[in-house]
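Peer 1: Compute the structure for the input listed below.
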Amino acid sequence: MNEETKDPKQQAAEMSADKAEAAKATEAEEKNAEPADGTPDPKDQTISKQQEEIDELSNRLLRLQADFDNFRKRNTEERERLGRFVTASVVREFLKVLDNFERAEASVEKNHDAESILKGMAMIHKQFEKALETLHIEEIPAEGKPFDPQIHEAVMQGSNPDLPDDSIDMVLEKGYRIGDDVIRHSKVRVVHN
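Peer 2: Purely as a prediction, here's the structure:
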């Protein structure tokens, strides 16, 4: 059907639909357009402020991540430095003992007197114990004590009528600790009568 043969009612309905669509489009444009007085739309201002806040928070997050990475690096470096310092302190104490062992060896080559050799060894032993004391390392008491798996390691069992069951009657290897931290468990024989 061509335009001339259309029903007038149909033509009027089509024109009405076209006008309605045009009105909707105009209304949408007016909503998106700034008010006539030149002030920005409040929605645009809100979106702009929110975007600024997002940008600021993103920048803060990046700075915090960088600060944390730097903190972690400094902390790792400090732990390594502290470890080297502690190692040097320990070695320094035992170098004194090593020096005396070397002196004792030189003395034994010149002097074959067993008594003076034993005195020298006793002095070195005392110096070694002093070095341990300086480092706050103490021997774990074991002989005659009740067996404690936290600080003792049972390597043998035996009977001893003078001691109750689960007590220690022989230390095979001394144990040591710093404070409550065990460096080496005492290797012991535990009584089972």
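
Peer 1: can you give me the helices in this protein?
Peer 2: Assigned by DSSP state H, the chain shows helices spanning 8-32, 42-110, 114-134.

Peer 1: tell me the most buried of those?
Peer 2: Ranked by mean neighbour count, the helices of the chain are led by helix 114-134 with a mean of 13 (mean count of other Cβ atoms under 10 Å). (Glycine included, C-beta is placed from N, CA and C.)

Peer 1: any residues touching that helix, and which ones?
Peer 2: 93-94, 96-97, 100-101, 103-104, 107-108, 111, 138, 176 (Cβ atoms under 8 Å, 6 or more residues apart in numbering).

Peer 1: Now with 10 Å, please.
Peer 2: 89-90, 92-101, 103-105, 107-108, 111, 113, 137-139, 176, 178, 183 (Cβ atoms under 10 Å, 6 or more residues apart in numbering).

Peer 1: right, and Ser186 touches Glu138 too?
Peer 2: No - here Ser186 does not reach Glu138: they are 11.9 Å apart, not a contact under Cβ atoms under 10 Å.

Peer 1: between these two, which one's more packed in?
Peer 2: Just comparing Ser186 and Glu138: by other Cβ atoms under 10 Å the higher neighbour count belongs to Ser186, 26 against 14.

Peer 1: pLDDT value on the more buried one, please?
Peer 2: Ser186 carries a pLDDT score of 96 in this model.

Peer 1: can you check Ser48 too?
Peer 2: pLDDT, Ser48: 90.

Peer 1: Mind listing the shared neighbours of Ser186 and Glu138?
Peer 2: Taking Cβ under 10 Å, 6+ apart as the contact rule, the neighbours common to Ser186 and Glu138 are 175-177.

Peer 1: Neighbour-wise, give me the winner out of those.
Peer 2: Ranking these using other Cβ under 10 Å puts Gly175 first, with 20 neighbours.

Peer 1: That'll do, ta.
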